[in-house]
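Participant: fold the following and give me the result.
(chains A, B, C, D, E and F)
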Number of protein chains: 6
Amino acid sequence: MTRIDGRSADQLRTVRLTRSWLDHAEGSVLVEFGKTRVLCAASVTEGVPRWRKGSGLGWVTAEYAMLPRSTNTRSDRESVKGRIGGRTHEISRLIGRSLRGIIDTAALGENTLVIDCDVLQADGGTRTAAITGAYLALYDAVEWMRSENLLSSSEKVLTDSVSAISVGVVDGEPLLDLCYEEDVRAETDMNVVMTGDGRFIEVQGTAEGAPFDRQELDSLLALAGTGCKELTDLQNAALVG
Amino acid sequence: MTRIDGRSADQLRTVRLTRSWLDHAEGSVLVEFGKTRVLCAASVTEGVPRWRKGSGLGWVTAEYAMLPRSTNTRSDRESVKGRIGGRTHEISRLIGRSLRGIIDTAALGENTLVIDCDVLQADGGTRTAAITGAYLALYDAVEWMRSENLLSSSEKVLTDSVSAISVGVVDGEPLLDLCYEEDVRAETDMNVVMTGDGRFIEVQGTAEGAPFDRQELDSLLALAGTGCKELTDLQNAALVG
Amino acid sequence: MTRIDGRSADQLRTVRLTRSWLDHAEGSVLVEFGKTRVLCAASVTEGVPRWRKGSGLGWVTAEYAMLPRSTNTRSDRESVKGRIGGRTHEISRLIGRSLRGIIDTAALGENTLVIDCDVLQADGGTRTAAITGAYLALYDAVEWMRSENLLSSSEKVLTDSVSAISVGVVDGEPLLDLCYEEDVRAETDMNVVMTGDGRFIEVQGTAEGAPFDRQELDSLLALAGTGCKELTDLQNAALVG
Amino acid sequence: MTRIDGRSADQLRTVRLTRSWLDHAEGSVLVEFGKTRVLCAASVTEGVPRWRKGSGLGWVTAEYAMLPRSTNTRSDRESVKGRIGGRTHEISRLIGRSLRGIIDTAALGENTLVIDCDVLQADGGTRTAAITGAYLALYDAVEWMRSENLLSSSEKVLTDSVSAISVGVVDGEPLLDLCYEEDVRAETDMNVVMTGDGRFIEVQGTAEGAPFDRQELDSLLALAGTGCKELTDLQNAALVG
Amino acid sequence: MTRIDGRSADQLRTVRLTRSWLDHAEGSVLVEFGKTRVLCAASVTEGVPRWRKGSGLGWVTAEYAMLPRSTNTRSDRESVKGRIGGRTHEISRLIGRSLRGIIDTAALGENTLVIDCDVLQADGGTRTAAITGAYLALYDAVEWMRSENLLSSSEKVLTDSVSAISVGVVDGEPLLDLCYEEDVRAETDMNVVMTGDGRFIEVQGTAEGAPFDRQELDSLLALAGTGCKELTDLQNAALVG
Amino acid sequence: MTRIDGRSADQLRTVRLTRSWLDHAEGSVLVEFGKTRVLCAASVTEGVPRWRKGSGLGWVTAEYAMLPRSTNTRSDRESVKGRIGGRTHEISRLIGRSLRGIIDTAALGENTLVIDCDVLQADGGTRTAAITGAYLALYDAVEWMRSENLLSSSEKVLTDSVSAISVGVVDGEPLLDLCYEEDVRAETDMNVVMTGDGRFIEVQGTAEGAPFDRQELDSLLALAGTGCKELTDLQNAALVG
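Facilitator: Residues are numbered from 1 along each chain as shown, chains lettered A, B, ... in the order given. Alright, predicted model coming up:
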């Protein structure tokens, strides 16, 4: 089987990671997975939310949103509707958990990092692109804190890297990094968030059509492992380059 | 290791499934997983949302909410706050997807089923209890439709049953059906939704502390399989009794 | 005239008052007036709202809400609509005033009691059932405070008991404790809140159809007096039992 | 006892009813009860809300609001807060019910009358002033409909007049038409809505301090009867003048 | 050309400025530009918003709103809609800026003045009437502060007066002080806010139909200058009278 | 005087106009005025809002928003706050009016064009950059409609081009195209929207500090004329290139 865009089943789309795309943010990355384009901006603030004060621990949170015309047809703005939709909430929470999975909040001290992930263009995999880019924005923001002497501890704040990829079964075949057209047709859809050393932070598999069995689950997990490994390499290259 | 409430690692809490707990709803179940108590009510309406009109297909959706004093300390009402939180959205969507995984929307015809899952008391596992109870409420609502001649097709509307259970790693040990106290201490937390024939509809695993590896994932999936099988038996018994 | 459900004009529906229906709440009651079923939960918090700080006086407030499928046909959730309706506001305020009518806020000290009244099933008289049940939840919460030494004063916090009942004129005849079907047909509808010693805390009479005259008002007040007396006895029995 | 403003116990404040205070509205009245000043505007629209379509019946509804600086100290606008408070809801509903108590919706036909009651200055009794003024605005709007041939029936649309007054017990004495300072100090507070022929549309009595007994209730009802009778005369005079 | 209401091109409508229209507010004015009627109320509060604390500077802000039936056909309340519209925001901000243009916030000290401008009846030019009236309300509130010894400085708080007028091109002719009917037909519409000494605080010109050229702009500015001068005289007269 | 960034008083920042920055939108432009970066996306929909149906006329509207970290310090999202701020409303309305000033809505037919202007990075002049870029996005969307045969008329839809620039007085000197730092220090601030043939669509001048006189106004208008002329040339070049 050849895929819509000519890729092989286990092939990522072209990934681009452009650091420092913004001038003001303490860390920022424009991440592209094919036509999917997400702007990740990390903001550092002294202090933590009220419920965490005095704990000595920092806090990392994320907000995800889509521009109204990032999609094929225009969607109404959530600010205009006056409420945030369930999908937006869900993805914001997922990104936040993913980043908290690799941060040592004690080493961060009582500081807050907010990572804004705004989808400029959507073509499937926006949440996985967001996590993959957000890691680099977070990395740069932590480096900035170090350079500004805002970290009291000399210990490593980031315990590992984190990346994410979508996998899915389309026409019976497990595929890596689904574009929008594939995503719509997928029977099973899975988003996997992994650390640089190959462990899981989050596994979210959903039967869109028929339920899936253990064997399908295993092949999807294997495919995701390959994809995240490759993304880790690209993240490391971006940090060097 | 003995668990807080004396259960073995692979033991469910006492499960109670009380059908027809309400007089008005087309289907209703009070489901209890230990102290967790969720009221599931199924409502039938003719017609489908606008975007689905003319498709010949029905629609199933769910809304989850917690009473303010279902928890240890009182939480503010979402109606008073004027907005629905991310967690509520996330769980409502999960329940909806789980039920849609076992329904033949063509056989349902252009009718809508709304399943309200209101947590009267929370002690961990509210979303899995909700899914397990919602299945029975859905079942009864479909039977009611059959008896009222609201189904044009004679085909089966429900293609299988569905149940859900939480599993997690606490102090390094995989446990089934976490109560609140265990849930808070879990390093890894997973919710698994399965059909009666043992396939997956949804797998959601999250590293709360350290990332987890493939071996942990496998043992949690196995444990969940055991739990869902037992819940399936209890659901079947409730339908007979 | 025989009533829809065979009761005599001055007869209450079967009343059930189940204390401690919940495990977490400081006081809780499942109150049933026939098919009407309301869960009342009392929550104790140290401190009072800002505008009352330093007064030495406590505060009691209530929130009323209906589950979406408590009614014959499903209603949308107020949390989903993003705003609380006028009727909900009105009843929450009525319950709060009724409870404040029998509490000595000086003896309570600077503590807050919130009584949540959630209608699990509605068949007329939800607000009067809520008040009648809320009194017992409040009673148990105050006892709990006493047992936990949270009351600085040894004086009685509750100065009396409180109960409430609806009365109305249906087909020209004054009836006690209207069920939904009667309520819809009532020409005049009145809710009366009374203390255990037979005085009034609130009288709310409304002409639904034609205006009513003084004689009708008098007969309704008399009927309500009978009903509240009986409810007081049932409350006392529940406290003993 | 002499009252704060020198009135006797059963004396109304100076009442002014200025018809046609606005140029655009189909009916409008500036009503003054002493310093309390409410602008009532009646708007006529063809058609009725969706749930009433095809019934042949009209609809009357009311909206009450206070200008931010109508009160002694400025209150925040409900539009700025983004939500309507319980008190506002409660009073809007009361005014609507009061007006519906004297209207023949069949004679009105499928038309809607909205009565806006905006408090320009508040000094107690704003809801009773609003009802008293709203009647005249409604009257003028119905006359306007008649003159524009918008009424298909030649029957009387208004079956009677309606007025309202507050009464209360202050320092043990029943007083008519409480001003703000008296209202704050009242032990019992009652709002009574009556038709021109002396029957009740609404009776709302509330114990602000100690519960009240039947005798107090009776004396307050008598006082209200006197007040409403006087208001009816003033309304009739305004219609003639 | 004769205008709809018989005025000449450079003629204001009848302007009425009634000070102290309210009893509670520290300053209040009912301003009328023909049928346009705006109630301006100034409220004094000690202290300033958080972001201004410790600056030694005061703050002036304004809120503009329209009563639902101030217009020809009824508009929905913004409080009922749950959100403030763009036009309301825009005008509130304009009034605030206009007043801040003539106030010495250092002489005001850390106090806040809120000016509420509520349109009781609208016939074009509501924002310019509001600014013109708000100045007098502000003046009276500052005088009140002086008399209550709330101003620590003896310096003048108001550096000048401020008034505003609309001008526009209708059927090719520049007109002063447009009424609603003219405003709707205007090709170009301009609102000009000027100080008593003839300088500009705000100039807002908008092409409603075809773009306008420099010559039109100049003639409109000249016309506005005439109008504001006249309004300044009327304001001064009102302060004396 | 040399400006912060070395420009002369009448010099624009480096302007970049990148067409087709997005793949899905019918027209899209990334516009940069120095560090200010705004993404403009035009969306075409058949049909017009309800109030315009059957008129034969099309509709053009715009929505402006800032990404949370477009600014020096992070701002909260309006979707999270649940309401749109006054400034956002004001600018969205300005952009919409500016574009409607050059469109022949009859030639457009009953179609709607929505132009989303999202600020990716802000350094002053975001609204003027947005208008300047939005024109090109609009142009491309109209061309797309032409190529898709969605325009029934063969007449020109755009009657001219439109651009906008900010001007202001800083330290007594009129400057063109203020960057953020200059904008903050400006005594007078003006935004001018002009057509390609040099006429005005909108003039908005505001005294931020002291009021301004006619001479200052004139010099600012002249400066704006120069700037808009240059922007028109750049727009034309972008359409050719």
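
Participant: tell me the contacts of the most centrally placed residue in chain A?
Facilitator: The geometric centre of chain A, computed from its C-alpha atoms, lies nearest to A:I131 (CA atoms, centre = their mean), at 1.1 Å. Contacts for A:I131 (CB atoms under 8 Å, 6 or more residues apart in numbering or on different chains) come out as A:L94, A:I95, A:S98, A:L99, A:V162, A:S163, A:A164, A:V193. Every C-beta, even on glycine, is put in place using the N, C-alpha and C of the backbone.

Participant: and the second one, that's in a helix?
Facilitator: Yes. Membership of A:I95 in a helix is supported by DSSP: H, G, I helix; E, B strand; the rest coil.

Participant: beta partners for the residue nearest to it when sequence neighbours are not counted?
Facilitator: Spatially, and ignoring its direct neighbours in sequence, A:I95 is nearest to A:A62 (3.8 Å; CB to CB, 6 or more residues apart in numbering or on different chains). Bridge pairing for A:A62 (DSSP bridges) gives the partners A:I115.

Participant: and the gap between A:A62 and chain B?
Facilitator: Note on A:A62: its distance to chain B, by CB to the nearest CB, to the nearest Å, is 11 Å.

Participant: one more: A:V169?
Facilitator: Distance of A:V169 to chain B, computed by CB to the nearest CB: 12 Å.

Participant: A:G227 now?
Facilitator: Distance, A:G227 to chain B, by CB to the nearest CB: 15 Å.

Participant: what sits against that residue?
Facilitator: A:D10, A:L12, A:I165, A:V167, A:L176, A:D177, A:V192.

Participant: tell me the SS of it?
Facilitator: With three-state DSSP as the basis, A:G227 sits in helix.

Participant: any idea how far it lies from A:P174?
Facilitator: Distance, A:G227 to A:P174, using CB to CB, to the nearest Å: 11 Å.

Participant: list residues touching both of the two?
Facilitator: Counting by CB under 8 Å, 6+ apart, the common neighbours of A:G227 and A:P174 are A:V167.

Participant: rewinding a little: farthest-apart pair in the contacts of A:I131, please.
Facilitator: Farthest-apart pair in those is A:L94 and A:S163; separation 13.4 Å (CB to CB).

Participant: shared neighbours, those two?
Facilitator: What both A:L94 and A:S163 touch, as defined by CB under 8 Å, 6+ apart, is the set A:I131, A:V193.

Participant: more crowded one of the two?
Facilitator: For A:L94 versus A:S163, neighbours defined as other CB atoms under 10 Å in any protein chain shown are more numerous around A:S163 (29 against 25).

Participant: does that one touch A:A134 like I think?
Facilitator: No. The pair A:S163 / A:A134 is not scored as a contact, 9.9 Å apart, by CB atoms under 8 Å.

Participant: who touches both of the two?
Facilitator: Common contact partners of A:S163 and A:A134 (CB under 8 Å, 6+ apart): none.

Participant: by mean pLDDT, which helix or strand of chain A comes out lowest?
Facilitator: helix A:78-81 (a mean of 92; mean pLDDT, DSSP states H and E).

Participant: can that one be said to contact chain D?
Facilitator: No. Applying CB under 8 Å from any CB of the partner chain, one finds helix A:78-81 out of contact with chain D, separated by at least 13.4 Å.

Participant: on contacts alone, who are the packing partners of that helix?
Facilitator: helix F:78-81 (3 or more CB pairs under 8 Å, 6 or more residues apart in numbering or on different chains; DSSP states H and E).

Participant: which residues of chain A lie near chain C?
Facilitator: So far as CB under 8 Å from any CB goes, chain A lies against chain C at A:G82, A:R83.
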